[in-house]
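>>> Got a predicted model here, sequence first, then my questions.
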Number of protein chains: 2
Amino acid sequence: MANEVEIEQEIVAQGDLVRQLKGDAAATEDAKKEAIDKLLRLKLAYKEITGKEYAAPGGRKQKEKKAAPEKKQEPKADGKKQTKLGIEISKDENYSEWYSQVITKAEMIEYYDVSGCYVLRPWSYAIWESIQSWFDSGIKKLGVKNCYFPMFVSNAALEREKTHIADFAPEVAWVTRAGSSEMAEPIAIRPTSETVMYPSYKKWVQSHRDLPIKLNQWCNVVRWEFKHPTPFLRTREFLWQEGHTAYAGPEEAEKEVFQILDLYAGRWEFKHPTPFLRTREFLWQEGHTAYAGPEEAEKEVFQILDLYAGVYTDLLAIPVVKGRKSEKEKFAGGDFTTTVEAYVPCNGRGIQGATSHHLGQNFSKMFDISFEDPVTGGKAYAWQNSWGLSTRTIGAMVMIHADDSGLVLPPRVAAIQAIILPVGITAQTTEEQRKHLMDTADELAKTLTDVDVRAEADLRENYSPGWKFNHWELKGVPIRLEVGPKDLAADQVTAVIRHSGRKIAIKRALLVDEIKRLLEEIHVEMYNKVLAARDAHMKVCYDFEEFKKLLDEKFILLSPFCGDIACEDEIKKASTRDEADAGAAQMGAKTLCIPLEQPKEVLPEKCLFPACTNKAKFFALFGRSY
Amino acid sequence: MANEVEIEQEIVAQGDLVRQLKGDAAATEDAKKEAIDKLLRLKLAYKEITGKEYAAPGGRKQKEKKAAPEKKQEPKADGKKQTKLGIEISKDENYSEWYSQVITKAEMIEYYDVSGCYVLRPWSYAIWESIQSWFDSGIKKLGVKNCYFPMFVSNAALEREKTHIADFAPEVAWVTRAGSSEMAEPIAIRPTSETVMYPSYKKWVQSHRDLPIKLNQWCNVVRWEFKHPTPFLRTREFLWQEGHTAYAGPEEAEKEVFQILDLYAGRWEFKHPTPFLRTREFLWQEGHTAYAGPEEAEKEVFQILDLYAGVYTDLLAIPVVKGRKSEKEKFAGGDFTTTVEAYVPCNGRGIQGATSHHLGQNFSKMFDISFEDPVTGGKAYAWQNSWGLSTRTIGAMVMIHADDSGLVLPPRVAAIQAIILPVGITAQTTEEQRKHLMDTADELAKTLTDVDVRAEADLRENYSPGWKFNHWELKGVPIRLEVGPKDLAADQVTAVIRHSGRKIAIKRALLVDEIKRLLEEIHVEMYNKVLAARDAHMKVCYDFEEFKKLLDEKFILLSPFCGDIACEDEIKKASTRDEADAGAAQMGAKTLCIPLEQPKEVLPEKCLFPACTNKAKFFALFGRSY
């Protein structure tokens, strides 16, 4: 086997060749490709031998240290971890490059040749499965049933509304061709399913006894690239709000259907595709329920909100603030929107976790989901909710928990909770000793899987322990269990905790109880770490100058607010600033939510914004946001 | 409350009004709509009062009997059931109308305004969930992991192959517009995911140690209407078969990618949309695995086939024949196709249940999924499988088990396994007695759900027991439990079995054990009923004249066959016939499969087809087929 130095020399030479060919107008594409392929193969060979990515001397990659892989996972004496082999850039240095490296190197995402679309590999899809299973069982207890509606929305109504097509629904993807034939009628792919589902709801509701309807679907939705966002949201919102009360005829109602699409489009404008966060196709669940009266419907909004909060707190180990959206930030098609909001410590931004909307009777009037009022005999409209949670959850989890060594998985959603590695096999190890180590690792895995701990032994003999340490660290497995000759002798295993780097020796006899306890402990510790970071950066603030200063210090702020859309616009504008050094505009603050649980401080009369003359109605949580 | 006769008179009068308005050029659309709405409301009221659909005197609906609903569920003395209230036509009379009524009236499907797309309501989606849960756990035990690939396929490669677009991929739906902007590059929606997934497989496989890859996804796929099927399949198949062995350059390989799409398109041609069976969008799972060697891959093909057989036999109570597809019927892109084939007794047709393909190295060569052979050091290609199971399963279940009274659900997939109805409440019943009945029904449901029987009590007071009997019969719930005053007095409940109509009194104390036993028994009985019907119509047959005669008598036939494509074409042609009386062509027979378990009869030398001079290679199972 070639040694490290030899391969390094080959890589340098091959790299030079590639650069030369790239600059050579006479070189064929095939020649370039062949040279690049060989370079990649060499780097791969390097990685297999050394357990680390090849790092070119000089340039950005020189941050990597050449210490032996076995030592890499040790925290430094000062408690700070050094930048690791896998991830070539730190979270603080270049956040978006770091994010991209974490999700690809942890094997969560594979990039794809349709822009804005990504492959969810098993390592991330397993998290989605955990969330699905937990949430699905939660909504089923509430009597919600799953179903599946088509992904296509007919163009029939649009055809009659040609004047609106031109500037409506800018993010809707249209199918216009089947095979080589143009379709008579283009059809849209759902950006969300109100227009898909509610015509059926109309059919199903004939009497108050047909209510409630409580349906949910797990599906994909598509929101296509919106290249030049224009600030039309306000206008539409205004039109919409007028639309709630009077419908002269079906044409008007239908017109509004597409205004809704437009609103969604406006809200979900596509700036830079980011896996999990801004994608053209994503997976979600969407619940759509209809009730005879408003009380039941409103009650459900908050039951669902609690489940959404649970996804974050109980599964993803992320604290959230439950609240209502402001008039500016709410879903314009509904009466009110509730939300769970998380905090991303490294950049101080808020991130919306999931929303549960009370639609009131807006949609039921538009779609004529109605019944005879059993008391008055008059026509009554259903009260509706809609609520959705998407794979965006996984993006939030990565941003909040992952570190410079890669992904950090909260134990309850980790596909593998404990990875077991035999270590300390050297040239001096006898075959018998080696086999004993392997068998022990395998037994440990069986012991743990028998009690429903998701454990695996990595017994591959072609990878060094160093390579494996880095690999599983990069993938964020909560507990690494090492079994070496010394552990065998002491009848113990060594556990290394991913999020803290802490090492613990565990007696074999106590293994099951201890691992179960550790998994719970890790969840709590991870949650508390984020909670502490957030609470250190969440502050009640009455003064706008202080507000702006704290925003720049990565705070989110609880400030008295009048609730007006115009005032929120002013706050956003006045808190936007140009960072001369970064050359990029720093976005303004918006309300993340109006927390359900208000601060215990007395609400002053004055709204946060200096020029605002309205009275403060509540404390709102403000912040820069995703 | 209006009585039955009064409402009937109102309906007749209102029906006359509607007909009059429809014929009146001067009548406004609103007036017509209002009249129709009123008519529908009257019919609904009729249904609520009487527990049955309103049947106009005269016309097709007059088959309905006016017996009291309570008696309707009783089998007649001759064992034949009478046509029931809900379903207005018998299975024998008009199969396709019957099918449509069963799936809509049982609330499985709602029709949708995009042709070929249907809403899967909770009642059918729950079956899909059962299948998912069972199959998913089966493949996870085999080490298969779930993932999610984008639904879009880039047009990039196609752009370079413009000459092929014109007649290729006739069933692929193309997205060409986002909002109001034409896209620079149209993108296709997956008809299946080979072209979506395998470029990633190429990236992931660098070494033999990266194999096997075992991925599965649960997703939707789209195959758009193919209005004028043309018989080009053979040609493509031929081109394809040549393509396996030599690839001069990437262009040729890419060309073939789209020939694959074309093949799929050809195989899945769209004639008449039918819910579950022929739909433009459907849900399925698709497994795609890659191995370093052929043995492991081939082994998996049959492991998956066993799981597919299990979906039918263990969940849906449908016997299947496991076999290989003939050269003519196999997936042309693979080395061989295995299948599970079911039999539909009422029309004697075979229906393909699910297929598991061994792709050999055809796709790995096309997509360059390769690695260095650890032994020879040469370039080696992966061995691949793909396998899929769709919501078509639900269609097969309906066709095979449902009867003239509606759906019949096999207990293991039934969303509700036992429905509990309080009965015998009359005007003479005291409030206390009524409450006692209601409470008892509720308690029974709790007792059963506590032991994981999916039970529900239907305590709605606005529906008569007759209405409820019909409703739950229509929906196919395996066991109806009635509790009336006599049952209370005797400390028992009365169970009525959906598929057989059998009535059994069960002592309260024995309820749990007895229901559990009954559910198992019903599964076995339903399975055996279909098995008996199939076995009575599956026969070894050596003579082509007898073969044709038996086909018309709804047989599927095990006949000696040479395996040749040309011979199978001849057999199909020679067994196609025009039914003068029916006015419709009766399709020819094709091979359903070459059963893995061959008949014990000695294989003769002569192939079934009289003019064929090839030797028979095996018994093939022939039949008319979906």
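All right, it came through fine.

>>> any low-confidence regions in chain A?
Along chain A, the model assigns pLDDT under 70 to residues A:1-6, A:20, A:22-29, A:32, A:48-53, A:55-85, A:156-170, A:225-272, A:578-585.

>>> what about 50?
Counting by pLDDT under 50, chain A shows low-confidence ranges at A:1-2, A:58-84, A:159-168, A:227-271, A:581-584.

>>> Show me the domain layout of chain A.
For chain A, the TED database gives the domain ranges A:1-50, A:97-249+A:280-401, A:418-526, A:538-623.

>>> where does the residue of the stretch 451-600 of chain A found nearest chain B fall, phi/psi-wise?
Per CB to the nearest CB, residue A:462 is where the stretch 451-600 of chain A lies closest to chain B, at 5.9 Å. Just so you know, the C-beta spots here come from the backbone N, C-alpha and C atoms, and that holds for glycine as well. When read as degrees, to the nearest 10, the backbone of residue A:462 gives phi -90, psi 0.

>>> Apart from its neighbours in sequence, what residue is nearest it?
Among residues not flanking residue A:462 along the chain, residue B:209 sits closest, at 5.9 Å (CB to CB, 6 or more residues apart in numbering or on different chains).

>>> cool, and residue A:116?
Residue A:116's closest residue in space is residue A:280 (CB to CB, 6+ apart), at 3.5 Å.

>>> Quick check, that neighbour in contact with residue A:222.
Yes. Taking contacts as CB atoms under 8 Å, residue A:280 lies within contact range of residue A:222: 6.2 Å.

>>> Give the residues shared as contacts by those two.
residue A:173 (CB atoms under 8 Å, 6 or more residues apart in numbering or on different chains).

>>> before we move on, the earlier item: any idea which of the domains of chain A gets closest to residue B:557?
With CB to CB as the measure, domain A:97-249+A:280-401 is the member of the domains of chain A nearest residue B:557 (36.1 Å).

>>> Next, the distance between the ends of the closest one.
From its first residue to its last, domain A:97-249+A:280-401 covers 16 Å (CA to CA, to the nearest Å).

>>> Next, count neighbours for residue A:531.
Residue A:531 has 17 neighbouring residues, counting by other CB atoms under 10 Å in any protein chain shown.

>>> Which one of the residues in the stretch 251-400 of chain A is closest to chain B?
For the stretch 251-400 of chain A, CB to the nearest CB, closest residue to chain B: residue A:281, 5.6 Å.

>>> Count the neighbours of that residue for me.
By the criterion of other CB under 10 Å, residue A:281 has 21 neighbours.

>>> again with residue A:432
Per other CB under 10 Å, the neighbour tally for residue A:432 reads 8.

>>> Tell me how far stretch A:385-398 lies from the chain's centre.
Here stretch A:385-398 shows a centroid-to-chain-centroid distance of 6 Å under the convention CA atoms, centre = their mean, to the nearest Å.

>>> List the buried residues for that stretch?
Neighbour-count burial for stretch A:385-398 flags A:385-398 (criterion: 16 or more other CB atoms under 10 Å in any protein chain shown).
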